[in-house]
Each structure stands twice: as C-alpha cells, then as structure tokens.
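> structural data only, the sequence is not supplied:
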C-alpha cells in the first residue's frame, strides 16, 4: 500500500473531512454534508466511518474496530487491516487500550474516557428519512425544528402496540436542538450516548458527518406516560454471567436450544479473565 | 533566493500528512472541549502570525477555502506563505471560511457568514490571536464541558451574543504562541 | 462448551484465495489477456469507462478481468482507483461538431450534410447465434471509403437557424463536479447531466422507457446520434494556448422534443442531451430522454409526479456503486439489531396475550 498516502486519503480530502468534523462538533447532532469519496470498500460497509477515521488517525493511535460488538467479525477485521496497512497504527481488541474505536451497531460496554474517540458507521443518517424520503423536506424540518412527524410516528406505535416499536436506531435529541439518528445501535445503548469520549458519525453514501462532543445532553425521544426504556434480553451472559451487558442470542442445536452471550466480546473476555463464570462457561485457565 | 521567498517557502510542515493529522487532533479536541488548551506549533509562519495560528491554517485551508487576513496579518510575506503552502485564496471578511487576526483586527463580527437555517455549517471560523491564553475568566457551559470550564476570552459579551444565534453563528479558535483553545457557537458564556 | 466464533481474518484470506482461483477458471484454458478484453469486449470496456468516469480502455479491461466480468464490480474498481488520482487541471470543452464520426444517424431528416452513416451497429443484424464464432474465425475485411474531412454539423443547428428550437443558454461557468462536492437539491443541469452520464445504464434505460410509456411522456425524436472521436485540448498556462493531449471516443445524442410553448415562449422544439464515453448509444439515448424529462420546471411544464421528472429521486438512485453497496450491505451481520427486534416482538406478543411456545434458552 506504499503507493497511497498516510491513512489512504489524499490531504485535500482529509482537510475537507476535518473541516466537516469541526463544524459537526460546533453544532452537535446537525448533519454536515461532505463530498464523500469513493473508497476501496463498498458503500454501506463503513465508508463514512472509514473516511472519518482516516481523517482522525495519527501514527500514535491505537485503533480498535468492532462490528456487532465484536472485533472478529469479518468486516471489522477488514477495516482494521486497512488502517494497519495504510496508517501504520497499532491495533487492539481491548477497549481501554484503544484511542480511536470505529464501530458498527454497538457502543462498547466499558465506559469510554475523554481521551478516546468513537467513530460510528452510519447507513442512513437522517432520522426523519423513513417518515419523509425527500432530503429537501427533511432539511426544512430540521431548520424549523419541526419534529412533530417523529412524535406522531412514535405515538402511533403506542396506540397500535401499546409501546414504542422502535428497538434500534432509536431517535435522540441532541443538546435540546437536533433530532439525530444514533446509527443502528440497539436502544439498550442509547443512555451511553452521553459520554466522556468524542463521538463522530460518518455516512459515506449519504455524504454526511455529524458529531456529539463529550458530555453533550442526548435524550431518547419518548412520552411522559411512555418513558424510554433501554432493554435487552432478560438473561445473564452464559459465558461470563454479566447481567448488565447487551446479549446475542445463539441457537445451539437442532432442537432450538439457545444461549445468550455478550455482544461486546472484549467485555466478556475481560470478565471471564477476572474469574466470572456463566451458566455454560468454564473456569478461566 | 531573496529573504521574502525563503519566508514564503519555509515554515511549513516537515511531514505534511502526519503533521497535519496531529495538528487536526489538537484542533478537534479543543473544539470538542471548550476551555481546553493544547499545544499546536508544528508550523513556523512569517510574523506576525503565531505558530498555532499558522499550524491551523496549514491544517485546514486549501484552494477550496477563502481566508481573510485581518489587519496586520495582511502582509505580502504572509500572503505568499499562505499561497505557497495552501493555495487558499485571500478574500474579504464576508466571504471568508477562515479569518485570522487579533480580536480588534477581526472586529466587527457582523460581516462574517453565520450559516443559514438549512446549512448552519456554512459559517466562518475565526482564528483569534491572543496575548495570553489561560483557563481563567469567563465561565463556559454546554456541549463538550462536563460541568463548567473557564477560558480567557477577548470579549465575553460579544461571544455570548454569537452563542445567542445558535444553531447559526461563528466558531472560534484562540491562539497564543504554540497554544490553542476553541469556542464553538454552542457554548453558553457567563462573565467569570 | 460453547466457543464464540473466531477466525474472521483466516476466513477472509481463504475466501480471497478461492476467489482468485475461480477468477482464473480452468487453467487448461488459455488465460485472457487484458488486450483481448480491450479489443474484443470493447462495449463492456466502454460501459466501465462511462460509469467509472475514467477514460482508460486498458484499465477498464483490467478491471473487467479482475471482476470476472461483473461490470458493476469493474466500475467499482475503476471508481476507487479514480478517486486517488491527482487532478492536474481541466480540459477545454470537447467540440463534438468536429467529431470524426464512425456513426451518425438522424431520425428527423432523411438526409443532411454529413449524411446518414450506419457505422458498426447491431441495429440490422438478425439476432441469430453465430456458431462460427465458437471456432476461431477470421473475419473478412470490411469495405472502406474515403473519410469525410469537413466537419459534420449538428442537425439541431439547422433547426436553430430557423429559430424553431429552444436556444440553450451559453455559459462560461465551470460546471460542478459531484465527485468533489456534496449533492444538494435542487441541483443544476450540469450536475444532472454528470449524474446521468455516469449513472447505471439499466436504471437510466428504465427511467427513459417509462417516459416513453406515458410517465411524463414527451415524445422524443432522435435528432441525431453520433459516435466517433474528438480531440481533447487543454490550456497550458506556461504556453498561453491550448494543445491537444489526446482523443476520446464519445457517443452523443440530441433529442428533439415537442413543446407547446408558454406565456413567454412561442411553440417550439426543445431538446434532451446525452453524452457518454465510448460507443454507448443505448445509454446516450436514455440519458437524453431523462435529461429532457428533468427539465420540466425550467420549461414551465407540469409536474406529473413521474419518477423521471423527480430530480431528487433520479439523482439519488442512479449510481450503481452506491446502490449495490447499500443493497448488498444487508448481508453483513445485523444480529444486534435483529436481537433487539426479537426482544421487542416477543414483548409485544406477551403483552397481547400470546402464550410463548417455549421459553428460549431453557
């Protein structure tokens, strides 16, 4: 890869992305348009996150990539490899050791610190898109802070199902101004959006970058009589016995027996190493 | 080669890709955490520009961004340096993406672009050269600040007025020698 | 004991090795040379250049070879390469009036200066499989004639002379570039044309066809279709004048459409425009029809709610690299989101009084 620039992107592209990130941080939750480049991986596979990471990484960084909470899923492996080659950064699977974490669909269980940066891959950055497909319309709605449509949708859920039927990519309001799509994280992760680390969101195909600075108020939309609820499977991790982590359900056999394991594989590993044992786990060696 | 040409060609990044990556991280951190002060000194621009302001210009400007050189910053040497290292066009305050100068030189704030309600990001960023930069003075609250922070601001009242325009408004970097801090429009300011 | 799935890295490496082997196919069959693809699959090469937005037949041929003949994958390879190239400058607009035409037909006039030149077209071939091609067969040399030396004027110029077709506004402005600026709506015709010329052939064809079938119908005559090479010239500041830096093959289509006139304009003809790299006439005609349909606002026509009139719809969905990436990404793991949906649906069913068939995990 030596024919390519540091972190793959050319300097002018990185500057353009960096300017967008700064404006994003200055207006939390507002989606800044940027001239997303065609990356050597497909749109929809993290090109936005990759461009944000490329504009953010320095050679001193330690980089971690997760997809579905796991470092070992194929797309996470592929993106980690890409930056190992092009930005010569150290990589890690340990959340605490990472200075930049790129993620798809999860926020790590361990609380992040103010020295860390979390980069989200975002497929559809516009929280109003499924209610109004037109960019020209949704842009006006954000400008006028006209979010009634979103409340109507959530309310219709309640009247039909008795509950808000959105379980991931659950919309939030940032710093009491912009309604934002937190990317397709499970709503279990929403309360973590108020954190010490800088959060950057990149949507390559949709050409948007947005950001949430540390400690910014992030409120999941709800109603007084139907308050937001962060939910997960009502089990403990069968490997590490954690009761506070988001769980994946795994089908074990033809009879349909299930087990539940931490989606955050590093969190699970650390707990097992610390001696925690779940229902189907075994003592750490 | 004449002295002025040396000044124009010198003082850039030794390793542009890596130096600008590090510089951006400092700039991003201070913009994300109003009140925080970081080192930023990898460029050596001609006088009167500080190392921090020069580093910001090299990191963020290129032919796609208009730069307003306010007051004493508008020198042939600095124009030459900016043109050689960034290719950024020098423009009037009203067209500027970035403006640099002392607070007095940059005044008044009215001409700068504050964005539009549909595109609040299309606003200017001002790089304010300071005599001193310290975590004292006005009290800051808002995104990026856990409880409150303090920062020596040039004119807290004017900056509080800018914050009133939110989500429109200007964003600021404050530079002093090799140090940088920032104040986005999202920060609420009260006199300390 | 359950062990979490590991080995993503190994799996990827193995998949890539297998892919390389499949690409090569049976090694007892001679390997395809890039030059063979360039020369003998030239229409595929042209499509890859057009939708890849990069005029380089050798690289397009290489991409087709690497992509195992999947043209969208080949276009993707070219696009990803193209973004890394430095920009040295912009050429002058090409002058298609000076095109050395291999093909030039008009559906609006029986004959015109420059004549009707069929060129190398499939049009009147009977679509019968030519089994001779299964064996290697030499082709007889095609007859030749003295090439025309004087320029071939555009058909629409004759209509322009009569002032019966709408005049296009002239502009010295630099056209936008959607690969360098984010899209915003409404866009200009420059961006629309750029989007259409690199848009997916099938998508643009389908939209164009829909206008013919009545979704924002605006009957189009092919005023002219021409295919040939044009010189590419670039101003060199150090020289102070333009020099020819090469030539490219282009397909240009101008349609002549009806227009009833408006309050300010008398009845006259209007046009749609298509210009595409290489010999790509299906694409160029389609582009011209969609361009014309998108011009409804500027011409004061009604918005009929047709897909081909909807700029945001057309431009947001014409790019096959964006489309295929997003479409195919749904095969990536989504089990975190699925799990949250699973929990939600189970909860809603419980609350609706549906008895659980079995307790999971027990």
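Structure's in. What do you need? Every value quoted in this text rests on a predicted model; they were computed, and no experiment measured them. Numbering: from 1, shown residues only, chains lettered A, B, ... in the order given.

> nearest residue to residue C:197 other than its sequence neighbours?
residue C:276 (5.3 Å; CB to CB, 6 or more residues apart in numbering or on different chains). C-betas here are computed from N, CA, C, even on glycine.

> could you pull out the strands for the chain?
Going with chain A. A:32-33, A:62-67, A:90-91, A:100-104, A:117-121, A:172-174, A:178-180, A:198-203, A:208-212, A:218-220, A:247-251, A:258-262 (DSSP state E).

> please refer instead to chain B.
Using DSSP E, strands in chain B cover B:38-39, B:67-69, B:98-102, B:125-129, B:138-141, B:149-151, B:171-176, B:179-183, B:188-190.

> pLDDT wise, what is residue 187 at?
You didn't pick a chain, so chain A it is. Residue A:187 is assigned 95 on the pLDDT scale.

> my question was about chain B
98.

> how many neighbours does residue 274 have?
No chain was given, so I picked chain A. 9 (other CB atoms under 10 Å in any protein chain shown).

> wait, chain C
28.

> beta partners for it?
Beta bridges link residue C:274 to residue C:253 when assigned by DSSP bridges.

> for it, what are its contacts?
C:196-197, C:251-255, C:283-288, C:291 (CB atoms under 8 Å, 6 or more residues apart in numbering or on different chains).

> just give the closest residue to the residue in the stretch 51-200 of chain C that chain A sits nearest to, not the sequence neighbours.
Of all residues in the stretch 51-200 of chain C, the one sitting closest to chain A is residue C:182 (3.7 Å; CB to the nearest CB). Closest residue to residue C:182 apart from its sequence neighbours, by CB to CB, 6+ apart: residue A:33 at 3.7 Å.

> I'd like to know how many residues surround the one you found.
19.

> so it touches residue A:207, yeah?
Yes - Residue A:33 is within contact range of residue A:207, at 5.5 Å (criterion: CB atoms under 8 Å).

> need the residues of the stretch 101-250 of chain A near chain B, please.
A:114, A:139-140, A:142-144, A:175, A:177-178, A:196, A:198, A:211-217 (CB under 8 Å from any CB of the partner chain).

> recalculate using a threshold of 6 Å.
Residues of the stretch 101-250 of chain A lying close to chain B by CB under 6 Å from any CB of the partner chain are A:139, A:143, A:175, A:177, A:198, A:213-216.

> coming back round to it: including mean neighbour count, could the strands of chain B go into JSON lines?
Shown next, in JSON lines, are those (neighbours: other CB atoms under 10 Å in any protein chain shown):
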{"stretch": "strand B:38-39", "mean neighbour count": "16"}
{"stretch": "strand B:67-69", "mean neighbour count": "23"}
{"stretch": "strand B:98-102", "mean neighbour count": "24"}
{"stretch": "strand B:125-129", "mean neighbour count": "26"}
{"stretch": "strand B:138-141", "mean neighbour count": "20"}
{"stretch": "strand B:149-151", "mean neighbour count": "20"}
{"stretch": "strand B:171-176", "mean neighbour count": "24"}
{"stretch": "strand B:179-183", "mean neighbour count": "28"}
{"stretch": "strand B:188-190", "mean neighbour count": "17"}
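
> quick check: mean pLDDT of the strand or helix carrying the residue nearest to residue C:197?
Element membership for residue C:276 (DSSP states H and E) is strand C:270-277. Here strand C:270-277 scores 96 as its mean pLDDT.

> in the helix or strand just after it, what counts as buried?
Going down the chain from strand C:270-277, the next helix or strand is helix C:281-294, by DSSP H and E. Within helix C:281-294, the residues scored as buried using 16 or more other CB atoms under 10 Å in any protein chain shown are C:281-294.

> nearest to residue A:170 among those residues?
Nearest to residue A:170, judged by CB to CB, of the buried residues of helix C:281-294 is residue C:294 at 36.9 Å.

> if we can go back for a sec, which residues does the residue nearest to residue C:182 form beta bridges with?
Beta-bridge partners, per DSSP bridges, of residue A:33: residue A:208.

> what's the answer for residue C:236, then?
Residues in beta-bridge contact with residue C:236 (DSSP bridges): residue C:241.

> and it, how many neighbours does it have?
So residue C:236, with other CB under 10 Å, has 12 neighbours.

> where does chain B have its least confident helix or strand?
Every helix and strand of chain B was ranked by mean pLDDT, DSSP states H and E. The lowest is helix B:3-9, at a mean of 60.

> how close does residue C:225 sit to residue C:283?
For residue C:225, the distance to residue C:283 (CB to CB, to the nearest Å) stands at 11 Å.

> residue C:347 too?
In this view, residue C:347 and residue C:283 are 51 Å apart by CB to CB.

> what residues are up against the spatially most central residue of chain A?
Closest to where the C-alpha atoms of chain A average out (CA atoms, centre = their mean) is residue A:120, at 4.2 Å. Listed by CB atoms under 6 Å, 6 or more residues apart in numbering or on different chains, the contact set of residue A:120 reads A:103, A:183, A:201.

> now swap in residue B:191 and tell me
Taking CB under 6 Å, 6+ apart, one finds B:138, B:156 in contact with residue B:191.

> find the closest residue to chain B in the stretch 101-250 of chain A.
Closest point on the stretch 101-250 of chain A to chain B, by CB to the nearest CB, is residue A:213, at 3.5 Å.

> my guess is that residue contacts residue B:145, does it?
No - using CB atoms under 6 Å, residue A:213 is not in contact with residue B:145, being 8.3 Å away.

> those two: which has the busier surroundings?
Neighbour totals were compared for residue A:213 and residue B:145, and residue A:213 leads with 28 against 22 (other CB under 10 Å).

> skip the chain neighbours and tell me the closest residue to the more buried one.
Nearest to residue A:213 is residue B:144, by CB to CB, 6+ apart, at 3.5 Å.

> so the one you found sits against residue B:31, correct?
No - judged on CB under 6 Å, residue B:144 makes no contact with residue B:31 at a distance of 7.9 Å.

> tell me who's in contact with the residue nearest the centre of chain B.
Centroid check for chain B by CA atoms, centre = their mean gives residue B:127 as the closest residue, at 2.2 Å. Contact analysis of residue B:127 by CB under 6 Å, 6+ apart lists B:53, B:56, B:100, B:173, B:175.

> tell me the one among those nearest to chain A.
residue B:173 (9.3 Å).
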